[in-house]
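In: Just a sequence and a predicted model for now, questions to come.
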Amino acid sequence: MTPAQMKDAILHHLVYTLGKDAAHAQTYDWRMALSFAVRDKIVDRWFEATRRTYAGQHKRVYYLSMEFLIGRLLKDAIINMRLEEAAIDALQELKVDYQAILEDEPDAALGNGGLGRLAACFMESMSTIGCPAMGYGIRYENGLFRQRFENGRQVEEPEDWLSQRHAWEFERPEVSIDIGFGGHVQEIGKRANWYPSEMLIAMGHDTPIIGWRGRWGNTLRLWEARPMHGFDLQRFNRGDYAAAAEPEALARTLSRVLYPDDTTEQGKELRLKQEFFFTSASLRDILRRFESEYDDLRLLPKKAAIQMNDTHPAIAGPELVRLLVDERGIDFEEAVGIARNTLSYTNHTLLPEALERWDEGLMGRLLPRHLQLIFRINELHMKDVGTRKVTAVDDGHVKMGELSFIMAHRVNGVSALHTELMKSTVFKDLHELHPNRIVNETNGVTPRRWLLSCNPRLSTLITDAIGDDWVDDLEQLEKLEPHIDDAAFLESYAAAKRQNKNDLANWIAEKLEVGIDPEAIFDVQIKRIHEYKRQHLNLLETIAHWLEIRDNPNQGWVPRVKIFGGKAAPGYVFAKEIVRLTNDVAKVLNSDPLTSRYLKVVYPPNYNVSLAEKLIPASDLSEQISTAGKEASGTGNMKFALNGALTIGTLDGANVEIREHVKPENFFLFGMTADEVMERRKIGGHSGQAIAADPRLARAIEAIRAGRFSPDEPGRYHGIVDNLVHHDYFLVCSDFTDYWRAQREADTAFAAPKDWARMAAFNTARSGWFSSDRTIRGYMADVWHAEAAPTVEDA
Ligand SMILES: CCc1ccc([C@H](C)CC(=O)N[C@@H]2O[C@H](CO)[C@@H](O)[C@H](O)[C@H]2O)cc1
């Protein structure tokens, strides 16, 4: 597409789709016009991919997820369709600021963190590979809350991203499916009729997900909840306006908002209703499509692979059995077999509080038929394995992890360490009963968004050195290794990072009015706030470092900027305290004339996908400091390594594999291993011992306890201090001394820019394996047994 053609297309949509002339167009109008111009180029390829899937009778992958943390879509579409040049030139001619248009797009924040973002990376990789697939989720009216700070405290505001027109979705009124809840069941012989007492409609909205070079396009279908019966005119005419609107309001509640918890299941009725709503609609849509092509349901596992993204869609097991037995007359045991061979389950966390267990009473009231089937499935499993020691129903709760395991032919973890821990802890008994069911598929990230698009300086350097095949064959980055010995290349590599840091420093100065020195180490911890991720360990080191600088300001300290980013779940009190303490520490340190040129702390609010795309390319040090055994994988760690940030981290999740790939000498390792953690926790008073053994740690904790960061309320952080001194379940104190050692090692390394650049470039060169393309190919081979379809020629 030439710039002229792009210009015409933009102007066409401005006038005929937006109904605006150039003279009166706002940034929003230009963004929409450009979006529609690019979308036009995508739709043809999207349709062609669908046509080929039907024509080739290809097996389809169905990715069921309560979360898709997509972020912005315009730039992703432009990059994948290779239209950036045309867009920039066309807008230049129209005197419209390209960056302003990109920044104007709201993030589609339909997820909490890692799990949701992984789903988004997977969708883009399946399209790039040409794997016929559909993503299914919920079209939340409100995504993850918007975070702002008020006197250092987190305040949540609705993220009503759909208050503006969403350019990247197509409404599908014809795809409307009735969903029921409650009511009663009437058993008739081998099957049953379920008479729900409450009904509503799931209506589909489709978003095309285009892959690299526009070679393939898959669909993300998000369900919106709509009332069976709209507005109640009779009640309205009787002047009972609220009641008239009630059916609509009630129904829409189901897709109103994303639950903002990412590690603690709340057991809320609405959450279970959301899980069933989207899972049932998706399965019905999948069976409708299958039956439009095939008439033997035993073929289903051959033509469909349904992935349950954690236990949130776990009701898929009983629901698929219900649809096969009650609505299609298939024998129960055969139905369970068909369902199991179609379904697979990914576990993303071992945290006990995150494993979903639904109250039997609630399940029975909301989904009476499903509870019956869950009991039968559980009984059949116990019969099949000849023991009752493993059960999916226990002390009045339905355990969704066990149910998912029993109803899946493959169960996978998301890093090598995590998968091993699944086998030795939460799924130990089931693993012994089904030794070949658990496989590992280490996570990955899409290099299109997380390198090519967010770091054009580094990408250009790489392409100049080794060509651009790396974009969809990321392990080609290894070809950079010989270049790492070339001083000129290394200089350009360091220069690219430096310019990214300058840009970030300008942005932080403008947005946060804090001046930071691009010469300093940009030390970054961005992720959800959680005790196991140990942001408070980072804070303790920051405080200890500050106190040490104050002792000897002229000791030639290596300047450092601590950058934090992350949201706390609204109900997670401890996490909110950590947020507040971080802001309070920043206030004190940044205004300390003695130390601020050596140490600054910044905490941009509302960390999301777009902010990550701004921070990661400008980072030198990646904080991956979770208690070993707690972070299932991490994916931010991969994005940082790819963009040449060195990791300071524990042997947890995918850090282990990152260190193997980038080599131990290019990784700042510290802390206990997962086994050592289990041992250490057995020692009573382990934190007290650690504090007694390390005066730096003791001093830092004392500073917090004494109100050094809350002079107007000295006791403000007694909760955090008490937890550290008396509990410290996540062993912050026990890992502190080694963490301090590793941080000082990073200082020393950073003081040698050439060596640092070498280590950084080596991280980039050796991060190719962490592409989500590699991960998806793993799922296709080990889990879905799916093939890529012949893709369309390059855009
Ligand atoms: C029921 C509440 C709830 C909601 C979300 C979750 C997710 C499983 C939490 C999550 O995002 N886990 C993260 O998944 C990433 C992708 O696999 C991993 O890289 C992270 O290590 C893991 O914490 C648990 C519980």
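Out: Yep, that arrived.
In: which residues in the stretch 151-300 of the chain form helices?
Out: Along the stretch 151-300 of the chain, counting by DSSP state H, counting those that start in this stretch, helices occupy 233-237, 241-252, 269-293, 300-303.
In: Counting neighbours, which bits of the last one end up buried?
Out: When neighbours are counted by 16 or more other C-beta atoms under 10 Å, the buried residues of helix 300-303 are found to be L300, P301, K303. Heads up, the C-betas are built off the backbone N, CA and C, glycines and all.
In: Ok, stretch 748-758 next?
Out: Under 16+ other C-beta under 10 Å, the buried positions of stretch 748-758 are A749, F750, W756, A757, R758.
In: first to last residue in it, what's the distance?
Out: 14 Å (C-alpha to C-alpha, to the nearest Å).
In: which residues are contacting that stretch?
Out: 484, 487, 490-491, 493-494, 497, 521, 558, 620, 646, 668, 759 (C-beta atoms under 8 Å, 6 or more residues apart in numbering).
In: same deal with stretch 615-622?
Out: By C-beta under 8 Å, 6+ apart, the residues outside stretch 615-622 that reach it are 450, 454-455, 457-458, 497, 500-501, 503-504, 521-524, 526, 563, 565, 604, 636-637, 639-641, 643, 645-649, 668, 746, 750, 756, 760.
In: which one of the buried residues of helix 300-303 sits closest to the ligand?
Out: P301 (24.8 Å; C-beta to the nearest ligand atom).
In: And the closest one, how close does it get to W784?
Out: Separation of P301 from W784 (C-beta to C-beta, to the nearest Å): 10 Å.
In: swap in F145?
Out: 34 Å.
In: about what we covered before: greatest separation within the buried residues of stretch 748-758: which pair is it?
Out: For the buried residues of stretch 748-758, the maximum inter-member distance is 12.4 Å, found between F750 and R758 (C-beta to C-beta).
In: what about M672, how many neighbours?
Out: Residues contacting M672 under the criterion other C-beta atoms under 10 Å number 21.
In: On the pLDDT front, check it for me.
Out: Listed pLDDT for M672 reads 98.
In: cool, and Q266?
Out: Taking Q266 on its own, its pLDDT is 69.
In: which parts of the stretch 251-400 of the chain sit against the ligand?
Out: Within the stretch 251-400 of the chain, the positions adjacent to the ligand are D261, D262, T263, E265, D310, H348, T349, A354, E356 by C-beta under 6 Å from any ligand atom.
In: ugh, wrong one, the chain
Out: 112-115, 118, 261-263, 265, 310, 348-349, 354, 356, 414, 443, 631-635, 653.
In: List the contacts of T346.
Out: Neighbours of T346 in contact, by C-beta under 8 Å, 6+ apart: Q307, M308, N309, D310, V411, N412, G413, V414, E441.
In: what sits opposite it in the beta ladder?
Out: N309, N412 (DSSP bridges).
In: Could you number the chain from 544 rather than 1 from now on?
Out: Yep, numbering from 544; the last one is T889 now.
In: pLDDT score for it?
Out: Value for T889, per-residue pLDDT: 98.
In: Show me the longest helix that occurs in the protein.
Out: helix 570-598 (DSSP state H).
In: Need the pLDDT of the nearest residue to Q569 once chain neighbours are set aside.
Out: Nearest residue to Q569, sequence neighbours excluded (C-beta to C-beta, 6 or more residues apart in numbering): K563, at 7.9 Å. Here, the pLDDT recorded for K563 equals 97.
In: Quick check, K563 in contact with T570.
Out: No - counting by C-beta atoms under 8 Å, K563 stays clear of T570, with 11.6 Å between them.
In: Comparing the two, which residue is more hemmed in?
Out: The neighbour comparison of K563 against T570 (other C-beta under 10 Å) goes to K563, with 18 against 14.
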